[in-house]
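# sequence and predicted structure below; questions after.
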Amino acid sequence: MGRLDAKVAIVTGAASGIGRAIARRFTDEGAAVVIADINESAGAQAAREFSQGAGRAVFHRVDVTAERDLKEVVDRTVKDFGRLNILVNNAGGGPWRTFEQTTLEDWDRTFALTLRSVFIGMRLAIPEMRKAGGGSIISIASNAGLRGMPPLHAYSAAKAGVINLTASVARLVGKDFIRVNCISPGLIATPASRSTIPDAEAAFARAQAIPKAGAPEDIAAMALFLASDEAQWISGATMVVDGGQNTAEPVPLILEE
Ligand SMILES: NC(=O)c1ccc[n+]([C@@H]2O[C@H](COP(=O)([O-])OP(=O)(O)OC[C@H]3O[C@@H](n4cnc5c(N)ncnc54)[C@H](O)[C@@H]3O)[C@@H](O)[C@H]2O)c1
């Protein structure tokens, strides 16, 4: 028996990295999973891979900055699978720019991708979860949102928004048995972090108490717990999964002049 048997989940940004690991774990635990991503080839490939054996995963092309795309994927999911129990707002990101070099376009794009998408996803999912008698919304925040992390200025601000939106919406929908939580990862070895962090392996090793990068599966394990009925009394929480990064002195990932 799987821990998510009979559950229906949407995972955004699930063609790569953390989202992909979450989608795989959810599928392995019995959920029907909709992989919502802009990367069509990698998303379709993931759906094929996770559907081997007993798993059920499908791909929908979704740009989370477009409200229409998010509405379509929620509507299709309910039409195809009958309900929506779990939403993982995972897609997000922002540019590595010094404060001086951060443009208004960077700022707006980062907020659209990282925070506005979470707001839209929550707004669309909540009515469906009410119909289902409850649900679990999980957003992927970041330690950058807990204490700021130069040179990720716009990103740090947007992730702080994810953390506080999680808390305010959790208070609103608790009465409907909808739980709203977020996960704050430390440094996780994914295509995104390896390509953006200079000297990534060394940065991974020195940034936290446990001297190695986290794996996407470490975040997937927490997402599975929050999605499952074992977390039925957890809402409004920010679960820090970071190898003890928060216990260490902040180490700048890159020095700004
Ligand atoms: N990797 C880390 O160290 C780390 C740490 C803290 C938080 N996070 C957060 O975890 C989440 C996933 O990051 P990752 O490292 O796995 O990234 P990744 O680049 O490996 O994967 C991101 C996925 O999101 C998709 N995507 C990008 N823009 C999209 C859009 N507009 N609409 C739909 N999908 C889109 C990409 O195609 C890709 O499949 C992000 O929110 C990120 O901020 C990552």
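That came through, no problem.
# spell out which parts of the protein neighbour the ligand.
For the chain, the residues in contact with the ligand (C-beta under 6 Å from any ligand atom) are 12-13, 15-19, 37-39, 62-65, 90-93, 113, 140, 142, 185, 187-188, 190-193. C-betas here are computed from N, CA, C, even on glycine.
# mind listing what the closest residue to the ligand within the chain touches?
Residue of the chain nearest the ligand, by C-beta to the nearest ligand atom: Gly17 (2.2 Å). Going by C-beta atoms under 8 Å, 6 or more residues apart in numbering, Gly17 touches 188, 190-192, 216.
# again, but for Thr65
By C-beta under 8 Å, 6+ apart, the contact set of Thr65 is 109, 112-113, 116-117.
# burial count for the nearest residue to the residue of the chain closest to the ligand once chain neighbours are set aside?
In space, Gly17 comes closest to Thr190 once its chain neighbours are excluded; the distance is 3.3 Å by C-beta to C-beta, 6 or more residues apart in numbering. With neighbours defined by other C-beta atoms under 10 Å, the count for Thr190 comes to 21.
# show me what contacts Thr190?
Counting by C-beta under 8 Å, 6+ apart, Thr190 has contacts 16-18, 216.
# most surrounded residue in those?
Most surrounded of the contacts of Thr190: other C-beta under 10 Å gives Ile18, at 29 neighbours.
# Ser139 versus that one, what's the distance?
Ile18 sits 12 Å away from Ser139, going by C-beta to C-beta, to the nearest Å.
# quick check: Val74 touching Val8?
No - in this structure Val74 lies outside contact range of Val8 using C-beta atoms under 8 Å: 10.8 Å.
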